[in-house]
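[1] I would like the atomic coordinates for the input below:
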Amino acid sequence: MDSRTTLRTPTGYLMVLTEGDDLFAELETLARTENVPAASFTGFGFAGKVTFGFYDFEKRDYDPGEFQDREMTGITGTLAWKDGKPSVHAHGAGGGPYFSLVGGHLLGLVVGRGSLELTITVHDTRLERTQDPRIGANILRLPGA
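    A predicted model of the protein is given here:
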């Protein structure tokens with residue numbers, strides 16, 4: 001864990017990312033280095049480049065859209081595991097210079113000028129994602145489900 005970007009809190013972590021940081025890579029690194037069983041997170045800040053996706057159930061894949069320089073008004077997500085690797089599932093919305101808003105499933109986000117702040121709440125139970133064959137998408141599985 002990089003103490004310059006991440007602070008331990010009573011319920012998890014506070015993470016502050018800056019220009020050039022990759023949101024998904026930073027969360028995956030945190031999960032690995034701190035052995036996080038699972039977590040929920042919220043955040044906001046500036047994205048230099050953000051890729052949203054809208055899931056097409058017929059294609060069983062995301063239709064992506066890439067945007068530059070967005071103020072992320074909200075990011076929510078979960079951190080779990082899939083096939084022994086960290087698995088991030090996040091959604092968000094970001095506003096542009098003319099107050100237009102875009103959003104959806106987050107496929108990628110690189111922080112732009114400024115920062116991105118995340119509050120990460122760690123859960124005690126390790127959670128896994130597995131593919132649901134009915135829809136062709138990964139689903140977070142709760143214990144006993």
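[2] Report pLDDT for residue 102.
    The model reports residue 102 with a pLDDT of 96.
[3] That one: which element?
    For residue 102, the enclosing helix or strand under DSSP states H and E is strand 101-123.
[4] what ranges of this structure fall below the confidence cut-off?
    1-3, 145 (pLDDT under 70).
[5] Quick check, central residue of it?
    residue 90 (4.0 Å; Cα atoms, centre = their mean).
[6] which residues does that residue contact?
    When contacts are counted by Cβ atoms under 8 Å, 6 or more residues apart in numbering, residue 90 touches 23, 41, 75, 76, 77, 78, 105, 106. For every residue, glycine as well, the C-beta is placed using N, CA and C.
[7] Counting neighbours, what do you get for residue 52?
    As a burial measure, residue 52 scores 23 neighbours (other Cβ atoms under 10 Å).
[8] Name the residues of the helix or strand where it lies that are buried.
    Residue 52 is part of strand 38-56 when elements are defined by DSSP H and E. By 16 or more other Cβ atoms under 10 Å, the buried positions in strand 38-56 come out as 38-39, 41, 43-48, 50-53.
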